[in-house]
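**Student:** Below is the sequence, then the predicted model.
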Amino acid sequence: MQIFGLDIGGSGIKGAPVDLDRGDLAQERFKVLTPHPATPDGVADGVKQVVEHYGWTGPVGLTFPGVVTDGSTIRTAANVDKSWIDTDARTLFSDRLGGHPVTVVNDADAAGVAEMHFGAGRGRKGTVILLTFGTGIGSALFVDGRLVPNTELGHLELHGHDAEKRASSKVKEDEELSWEHWAHRVRKYLAHVEMLFSPELFIIGGGVSRKSQKFLHYLEGIKAEIVPAQLQNNAGIVGAAMHAAESDS
């Protein structure tokens with residue numbers, strides 16, 4: 001079974017048809033840059049461009065980098081334009097895609113669901129936290145495999161700032177931090193999250209998961225097991241497609 005998955009991020013909008021039997025992309029993903037400012041209309045145009053690249057006409061699952069309630073209403077917009085707040089995203093995207101059935105879910109929650117089903121969290125019980133390091137820091141919290149949605153742990157305070165303003169991969173690039181220096185910040189963040197939630201497992205997602213050998217060994221002193229996301233930066237696309245398939249069934 002194939003469903004289209006699309007992952008909206010602060011820097012890029014990427015998507016592809018997903019083979020839900022394998023939990024992997026059915027075709028190579030296509031990506032466009034997120035517009036700046038990332039307004040609803042601008043992002044919707046980018047979404048349309050990605051979907052039309054494949055000539056797709058079926059259901060589409062989308063992620064959004066913020067809190068999504070009732071499967072549609074955007075409540076936060078830390079890394080996109082503030083005009084997103086209170087937007088009915090499902091209606092916006094469905095209209096822009098010519099009436100295709102659309103589902104919308106928090107981006108890190110989608111990535112987490114994919115990793116728990118097909119990747120690094122498969123079969124794991126207890127408390128598992130996936131953290132995506134990108135433009136910001138997204139989070140997905142699971143207790144015995146069940147998702148606690150919209151946790152937004154990237155906005156925990158760390159040394160007087162949102163944690164994502166200190167330890168996202170964008171901060172690493174913007175401040176030209178070495179892997180060791182950046183990992184030192186990530187370790188402090190993980191220690192704070194661990195103090196609050198005592199997870200058995202941290203899954204590190206986002207683009208940095210492809211380069212885990214450059215920083216995981218610096219994350220000393222964390223009691224929880226720390227592993228990279230197996231689906232890497234495609235986890236959000238796969239999770240978005242899974243969400244769409246569940247809504248369509």
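**Tutor:** Everything's here; your move.
**Student:** For residue 134, grab the count of nearby residues.
**Tutor:** Using other CB atoms under 10 Å, residue 134 has 26 neighbouring residues. Glycine gets a C-beta too; all of them are placed from N, C-alpha and C.
**Student:** what does residue 163 give?
**Tutor:** Here the count is done by other CB under 10 Å, and residue 163 has 26 residues near it.
**Student:** Domain boundaries for this structure, per the record?
**Tutor:** Structurally, the chain divides into domains by automatic domain parsing as follows: 2-109+234-248, 124-229.
**Student:** Go ahead and measure how far the first one is from the middle of the chain.
**Tutor:** Averaging C-alpha positions (CA atoms, centre = their mean, to the nearest Å) puts domain 2-109+234-248 11 Å from its chain's average.
**Student:** before we move on, the earlier item: pick the most buried one from the domains of the chain.
**Tutor:** By mean neighbour count, with neighbours taken as mean count of other CB atoms under 10 Å, domain 2-109+234-248 ranks first of the domains of the chain at a mean of 20.
**Student:** measure stretch 3-23 end to end?
**Tutor:** Counting by CA to CA, to the nearest Å, the length from the leading to the trailing residue of stretch 3-23 is 11 Å.
**Student:** Tell me who's in contact with the nearest residue to residue 84 once chain neighbours are set aside.
**Tutor:** Nearest residue to residue 84, sequence neighbours excluded (CB to CB, 6 or more residues apart in numbering): residue 77, at 4.0 Å. Residue 77 makes contacts with 65-66, 83-85, as judged by CB atoms under 8 Å, 6 or more residues apart in numbering.
**Student:** tell me the two of those residues that are most distant?
**Tutor:** Between all members of the contacts of residue 77, the longest pairwise span (CB to CB) is found for 65 and 83 and amounts to 14.4 Å.
**Student:** Next secondary structure after the helix or strand bottoming out on mean pLDDT in the chain?
**Tutor:** Taking mean pLDDT, DSSP states H and E as the measure, the helix or strand of the chain with the lowest value is strand 157-158, at a mean of 90. Using DSSP states H and E, the helix or strand that directly follows strand 157-158 along the chain is strand 161-162.
**Student:** did I read that right, residue 112 in a helix?
**Tutor:** Yes: secondary structure of residue 112 (DSSP: H, G, I helix; E, B strand; the rest coil): part of a helix.
**Student:** That one and residue 225: what is the separation?
**Tutor:** From residue 112 across to residue 225, the span is 16 Å (CB to CB, to the nearest Å).
**Student:** Repeat that for residue 147.
**Tutor:** From residue 147 over to residue 225 (counting by CB to CB), the distance is 19 Å.
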